[in-house]
Every structure is written in structure tokens, then in C-alpha cells.
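Colleague: what's the 3D shape of this:
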Amino acid sequence: MPKIALVGAGSVVFARRFLQDVVGTPSLADSDIALMDVSEDRLDLIGSYTRRLVSDMGTSATVDTTTDRLRALEGADYVITTIRVGDDLAIDQGIPLEYGLDQSVADTIGPGGVFKALRTVPSLLDICEDMERACPDALLLQYTNPMAMACWAIAEATDIQAVGLCHSVQNTTAQLAGYIGAPRESVSAWVAGINHMAWFLRFERDGEDAYPDLWDALENDETFALDPVRFEVMRHFGFFVSESTRHMSEYVPYFRTKAERMERFGLNAISTDLSRLETRNDAYFAAMRDEVAGETPLSAEPSDEYASIIMNSIETGEPSVINGNVPNFGLISSLAEGACVEVPCLVDDLGLHPMAVGELPPQLAALCRSNMAVQELAVRAVLDGSRDAARHAVMLDPLTSATLSLDEIDSMFDEMWAAHGDQLGIYS
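Modeller: Modelled structure (predicted):
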């Protein structure tokens with residue numbers, strides 16, 4: 001049985017889903033599971049949950065909890081990263097909002113995404129360095145945002161075999177099935193681009209083109225209202241995109257620069273309660289504590305996450321196809337070589353095999369490039385320790401540059417930098 005190390009196991013929402021997938025997959029159910037987190041309280045909770053899940057499911061999995069990362073990684077076959085480093089919405093969203101820049105999520109693009117990369121990617125590179133010592137042949141299943149920036153830096157700076165994983169393609173495929181009134185199992189898709197801006201180049205129902213049905217759905221006011229930004233992007237650019245209306249609205253400059261436009265597309269200004277992330281996490285922890293303490297046996301409900309699918313294919317040889325974030329070496333010819341792209345990947349007992357897509361339609365490639373410029377400068381900032389590169393990354397962001405002047409961006413950047421205190425001490 002493989003050894004699976006989950007680094008950042010205190011991310012209880014993802015960890016709960018992931019562990020149910022592992023215990024519920026026969027080829028993985030008896031694995032050695034190492035749970036690592038820097039928070040002992042979180043670790044105790046997820047450890048108790050996992051041991052209870054293993055017992056209730058009747059598997060022979062072993063569970064080790066530790067704050068020692070090298071101990072968790074030692075001899076691992078698979079490493080999963082889901083970490084947060086110093087996230088503070090009062091900085092990442094609050095300061096830009098004071099300047100009139102209303103981000104929706106602020107953790108993968110824009111000023112919030114760039115500063116999250118500055119904080120987070122060095123920690124991911126440290127994990128990779130530990131992997132090179134403790135489990136150099138392990139496969140890194142990387143779930144931490146900002147996905148594209150993180151995976152780009154990992155590929156450039158380390159020799160670790162890694163793939164970045166998200167759930168936007170699976171979720172969107174299910175949503176599209178609903179929009180056209182089709183069973184989920186009847187639809188399939190060929191999707192490629194960059195993380196959160198991957199394009200449904202083909203969308204089929206029972207082997208037939210389903211885009212005509214999707215265009216009909218766009219013209220239905222009730223259906224359009226369910227996903228207005230993505231349908232509007234499809235109306236003008238010809239293809240549906242992988243990220244939600246709320247999140248996609250911050251990747252492009254068209255939707256969040258005027259209050260009336262935001263209202264039209266259902267993008268109400270962000271909540272002024274910038275502690276909502278902490279409040280939400282508290283609710284998740286309370287729910288898990290109740291679950292562990294309860295008398296109802298825990299069960300393993302399968303999810304659409306790719307991690308267990310990948311591990312099962314490698315362990316059994318049963319092939320699968322997932323969408324992964326990988327370096328662009330001959331995969332999408334109209335995007336920069338070496339950048340991080342999201343493409344279909346075949347998985348079997350020989351590992352992960354990214355598939356060549358060729359050229360994207362030029363308008364889609366151009367939209368991707370507008371975000372890749374931000375990603376590239378953020379990666380340079382991390383790898384070169386450059387504050388200037390980070391500043392330029394924020395200046396190049398499409399939504400930021402459509403909302404603020406260069407002087408305003410400069411002031412906002414300096415204020416966000418100062419608010420981080422010693423967290424950014426490695427940069428000059």
C-alpha cells in the first residue's frame with residue numbers, strides 16, 4: 001500500500017473530502033496516511049476524524065499525525081499540499097477596496113493573488129526541498145493557491161514531479177449538463193487554457209456537439225441569470241470558461257469597474273466583514289468536532305476531486321483522464337513555453353501524461369496571456385526575491401489596471417507591503 005502525506009491537513013474542508021476519497025477507494029483504502037500541520041489543535045481534530053473514519057469504514061489504513069514535515073514526508077509515494085501562509089483578507093481585499101478596487105476572491109490573481117504568492121510559494125518550495133531529501137520520487141499533488149503561480153515556480157525551481165489540481169473543470173462540466181438539461185454522465189468536454197481560465201473547446205452530449213444547446217441556454221433569461229459573467233464571456237468570445245461567475249469577474253476588466261455594471265451581472269460588492277474566512281473556518285471545525293463526537297458512523301462519500309483518481313490509476317493501471325496544471329512544453333502552442341497551463345492529462349501505472357492541445361482560438365489565447373503576464377512577474381518576484389517584479393505584476397493585472405492609475409497602484413502596493421511587516425523579509 002502507498003504512503004500518502006497530506007501537508008496542511010488542518011484545511012479541514014478539503015482534508016475531509018480527500019480522506020473520504022482515499023478510504024473509499026479500494027486501491028488506497030489501506031494506505032499509510034501521514035497528516036501534517038503546524039497547528040496542533042487542527043491536527044488533533046483531523047487526526048481524530050481520520051482514525052474514526054478508518055475504523056467505521058473497516059479498513060486497515062494507518063494514521064500518523066505530526067507537526068514534523070520531514071517525518072510526514074519520509075518515504076511518501078504521494079504528497080498533497082493544501083496550505084495557507086499568513087492569509088489576511090483585511091490586507092489582500094481590504095486595502096485594495098479602500099482604493100476602489102473590488103476583488104471577488106483575491107487569492108489567485110490581482111493584488112491579493114500576487115501577495116498570496118509572495119507569502120505562500122516560498123513555503124511550497126521549502127516543502128519541495130524537503131521532498132528531495134525524504135521522498136524524491138514521490139508525486140506532488142498540489143492544491144494550494146495561487147495555483148498557476150505556485151506550479152510555475154515549482155516546475156522552474158525544483159526537480160519534483162508535480163501536478164496542480166483544481167475542481168473548476170469538474171464542477172463546470174456538471175453545471176453545463178444542468179444548463180442544457182442533460183444527465184451528468186451523458187456529457188463530456190475537452191478543456192484547456194490556464195487555471196481558472198480554461199476553455200471548453202469541445203462540449204458534447206452522447207458524442208454529439210452540445211454547444212448549440214448551450215447557446216440556447218444563454219438566450220434563456222433564467223439560465224443566463226445563474227451564470228451571467230460566464231455566459232456573457234461566451235457571448236462575446238465564443239466559448240465557455242471554467243471558473244465561476246464570481247471568480248471569473250476578477251480575471252478580466254469588463255465586469256467589476258462600475259457599480260451599475262456589477263449590479264447588472266449580480267456581482268454585489270464584497271462583504272465588508274473581512275473576518276468572514278475565519279468565521280467560516282470556525283463553523284467548519286465545530287461541525288467536524290460534532291461529527292467525530294457523534295454516534296452516527298462516518299462514511300466515505302466520493303467527490304469529484306482528482307487526487308484519488310490519479311493515485312488509483314497509478315496504483316492499479318486503470319487509465320483515467322484529468323485536467324492538470326503542468327509546464328507548457330509543447331502542449332498549447334499559442335501560449336508561452338514553460339508557463340503553467342491546464343490541459344487534459346492521461347494517467348496510468350506509468351504516471352501522468354499531459355496531452356498536446358495545439359493552438360487555442362486566438363481570442364482565448366489573448367485572454368490567457370493577459371493573466372499569464374501577472375503570473376510570470378509574480379514567479380520572477382518569488383524566485384529572484386524582487387519587490388520590483390511583484391510591483392510590476394500588480395500593475396499588469398487586467399482588473400487593477402482598468403480601475404486604478406499607476407500612481408494609485410504604486411501607493412496601494414506599498415501600503416499592502418508595509419501591512420505584511422516581516423512576512424516579506426526575503427524580498428528586496
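Colleague: residue 380 contacts residue 386, correct?
Modeller: Yes - with contacts counted by C-beta atoms under 8 Å, residue 380 reaches residue 386, the gap being 6.3 Å. (C-beta placed from N, C-alpha, C; glycine too.)
Colleague: mind checking how far residue 208 is from residue 33?
Modeller: Per C-beta to C-beta, to the nearest Å, residue 208 is found 43 Å from residue 33.
Colleague: looking at this structure, which residue ends up farthest from its center?
Modeller: Largest separation from the mean C-alpha position in the chain: residue 295, at 34.0 Å (C-alpha atoms, centre = their mean).
Colleague: any chance you could map the strands in the chain?
Modeller: Remark: strands assigned in the chain by DSSP state E are 3-7, 32-36, 62-66, 78-81, 139-142, 161-164, 187-194, 197-205, 208-209, 320-327, 340-348, 351-354.
Colleague: so which of these gets nearest residue 43?
Modeller: Nearest to residue 43, of all those, is strand 62-66, at 5.1 Å by C-beta to C-beta.
Colleague: below-threshold pLDDT in the protein: ranges please.
Modeller: Applying pLDDT under 70 to the chain flags the ranges 269-273, 276-277.
Colleague: in it, which residue is most central in space?
Modeller: residue 166 (4.4 Å).
Colleague: that older thread, give the contact list for the residue farthest from the centre of the chain.
Modeller: Counting by C-beta atoms under 8 Å, 6 or more residues apart in numbering, residue 295 makes contact with nothing.
Colleague: kindly report the same for residue 182.
Modeller: Contacts of residue 182 (C-beta under 8 Å, 6+ apart): 205, 210, 213.
Colleague: ok, what's across the strand from the first one?
Modeller: Think residue 205. Under DSSP bridges, the beta-bridge partners of residue 205 are residue 187, residue 208.
Colleague: before we move on, the earlier item: any chance of a markdown table for the contacts of residue 182, columns distance to residue 251 and neighbour count?
Modeller: Formatted as a markdown table, the contacts of residue 182 follow (distance: C-beta to C-beta, whole Å; neighbours: other C-beta atoms under 10 Å):
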| residue | distance to residue 251 | neighbour count |
| --- | --- | --- |
| 205 | 27 | 19 |
| 210 | 24 | 24 |
| 213 | 26 | 18 |
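Colleague: which of these sits closest to residue 109?
Modeller: Using C-beta to C-beta, residue 210 is the member of the contacts of residue 182 that lies nearest residue 109, at 29.1 Å.
Colleague: residues contacting the closest one?
Modeller: Contacts for residue 210 (C-beta under 8 Å, 6+ apart) come out as 176, 180, 182, 187, 203, 204.
Colleague: so what's the residue count around the first one?
Modeller: Pointing back at residue 176 there. Neighbour count of residue 176, defined by other C-beta atoms under 10 Å: 24.
Colleague: what about it, distance to residue 349?
Modeller: Residue 176 is 31 Å from residue 349, by C-beta to C-beta.
Colleague: if I pick the spatially closest residue to residue 330 that is not a sequence neighbour, what's in contact with it?
Modeller: Leaving aside its sequence neighbours, residue 330 sits nearest to residue 356 (C-beta to C-beta, 6 or more residues apart in numbering; 6.0 Å). Residue 356 sits next to 330, 331, 343 when contact means C-beta under 8 Å, 6+ apart.
Colleague: surely residue 188 meets residue 200?
Modeller: No - between residue 188 and residue 200 there is no contact under C-beta under 8 Å: 10.4 Å.
Colleague: higher neighbour count, these two?
Modeller: More crowded of residue 188 and residue 200, by other C-beta under 10 Å: residue 200, with 24 against 15.
Colleague: tell me how many other residues surround the nearest residue to that one once chain neighbours are set aside.
Modeller: Excluding its sequence neighbours, the residue lying closest to residue 200 (C-beta to C-beta, 6+ apart) is residue 240, at 4.5 Å. Residue 240: 24 surrounding residues under other C-beta under 10 Å.
Colleague: now swap in residue 57 and tell me
Modeller: 16.
Colleague: list the contacts for it?
Modeller: By C-beta under 8 Å, 6+ apart, the contact set of residue 57 is 23, 24, 29, 298, 299, 300.
Colleague: so what does the residue lying closest to the second one once chain neighbours are set aside look like in phi/psi?
Modeller: If you skip the residues right next to it in sequence, residue 24 has residue 300 as its closest partner in space, 3.1 Å away by C-beta to C-beta, 6+ apart. Here is the backbone geometry of residue 300 (degrees, to the nearest 10): phi -110, psi 100.
Colleague: about what we covered before: can you tell me which of the contacts of residue 57 are in helices?
Modeller: Among these, the ones falling in helices (DSSP state H) are residue 23.
Colleague: now neighbour count and distance to residue 147 too, for the contacts of residue 57, in CSV please.
Modeller: As requested, these are exported to CSV (neighbours: other C-beta atoms under 10 Å; distance: C-beta to C-beta, whole Å):
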residue, neighbour count, distance to residue 147
23, 24, 26
24, 18, 25
29, 17, 28
298, 20, 30
299, 11, 30
300, 19, 26
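Colleague: rewinding a little: between residue 380 and residue 386, which one's more packed in?
Modeller: Ranked by neighbour count (other C-beta under 10 Å), residue 380 and residue 386 place residue 380 first, with 19 against 16.
Colleague: brilliant, that's me finished.
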